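Trainee: Dropping the sequence and predicted coords here.
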Amino acid sequence: KNQVEQSPQSLIILEGKNCTLQCNYTVSPFSNLRWYKQDTGRGPVSLTIMTFSENTKSNGRYTATLDADTKQSSLHITASQLSDSASYICVVSRNSGYSTLTFGKGTMLLVSP
Amino acid sequence: NAGVTQTPKFQVLKTGQSMTLQCAQDMNHNSMYWYRQDPGMGLRLIYYSASEGTTDKGEVPNGYNVSRLNKREFSLRLESAAPSQTSVYFCASKKDLGLGGGQFFGPGTRLTVL
């Protein structure tokens, strides 16, 4: 069964600290993996996309890693800001006849002053 | 350039009532999608449209109908609303159906069915 599991479910960190969010998937055949940020009351917005051959990709203070062998990805946030408070969703795309996405349940991050 | 817009933002219905959620995109994208997001669950695909004139069922299509009115607009209709359809509904669009991901999401419609 195609699944995406994210951990932790929720996380509280102090402003300025770093954190790492995890994503494990069983989606096959794998096409790519995206991390989305969803602010409260808003739609998800793409942060990064990673394909099979990519190990690391950065977008400002966000760095995503991918280990296609173990089917794990992480999103590292450096020097957190209050505006980083949001839900972070891992989405894996299956390389099938048409685009099929499997969404994780998300990690709710709260950055506290 | 507004991206993906959805109306209404909020709606309360009584069981059995009908309504249509509207979605429009101005990015000249070919494919459009409707999702629902429930607490503690990932987004689930209701219907999608690969291109103007075509629609297909997603993971949870029961109780919904869709219309791809033109390239810009994709509406979702609830013919007889049920409390189980209380959810946040997101419309999304993407340039093409293939290659996965890369969807642009609208701000969502929060629907409550009493």
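Mentor: Yep, it's here. Numbering: from 1, shown residues only, chains lettered A, B, ... in the order given.

Trainee: make it CA atoms for all contacts and neighbour counts henceforth
Mentor: Fine.

Trainee: Show me what from chain A comes close to chain B.
Mentor: Contact residues, chain A versus chain B (CA under 8 Å from any CA of the partner chain): A:31-34, A:41-46, A:91-95, A:97-101, A:103-106.

Trainee: 10 Å instead, please
Mentor: With the criterion set to CA under 10 Å from any CA of the partner chain, chain A comes near chain B through A:4-5, A:9, A:30-36, A:41-46, A:48-49, A:89-106.

Trainee: Return a selection command, for use in PyMOL, containing the buried ones of these.
Mentor: Remark: buried members of the residues of chain A next to chain B, expressed as a PyMOL selection using 16 or more other CA atoms under 10 Å in any protein chain shown:
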select buried, chain A and resi 4+5+9+30+31+32+33+34+35+36+43+44+45+46+48+49+89+90+91+92+93+94+95+99+100+101+102+103+104+105+106
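
Trainee: Restricted to strands, list the residues of chain A next to chain B.
Mentor: Cross-referencing the residues of chain A next to chain B against strands under DSSP state E gives A:4-5, A:30-36, A:45-46, A:48-49, A:89-95, A:99-103.

Trainee: In chain B, what residue lies closest to chain A?
Mentor: B:Gly42 (4.1 Å; CA to the nearest CA).

Trainee: Does that residue touch A:Phe103 like I think?
Mentor: Yes - judged on CA atoms under 10 Å, B:Gly42 makes contact with A:Phe103 at a distance of 5.2 Å.

Trainee: Mind listing the shared neighbours of these two?
Mentor: The contact sets of B:Gly42 and A:Phe103 overlap at A:4-5, A:89-91 (CA atoms under 10 Å, 6 or more residues apart in numbering or on different chains).

Trainee: any idea which of the residues you listed is the one closest to B:Lys9?
Mentor: A:Ile89 (22.0 Å; CA to CA).

Trainee: who touches the spatially closest residue to that closest one that is not a sequence neighbour in this structure?
Mentor: With sequence-adjacent residues excluded and distances taken as CA to CA, 6 or more residues apart in numbering or on different chains, A:Ile89 is closest to A:Gly106, at 4.3 Å. Applying CA under 10 Å, 6+ apart, we find A:Gly106 in contact with A:4-10, A:21-23, A:35-38, A:86-91, B:40-43.

Trainee: quick one: least confident helix or strand in chain A?
Mentor: strand A:99-103 (a mean of 80; mean pLDDT, DSSP states H and E).

Trainee: just to revisit the earlier point, what separation is there between the residue of chain B closest to chain A and B:Glu59?
Mentor: 12 Å (CA to CA, to the nearest Å).

Trainee: got any residues that touch both of the two?
Mentor: Counting by CA under 10 Å, 6+ apart, the contacts common to B:Gly42 and B:Glu59 are B:Tyr35.
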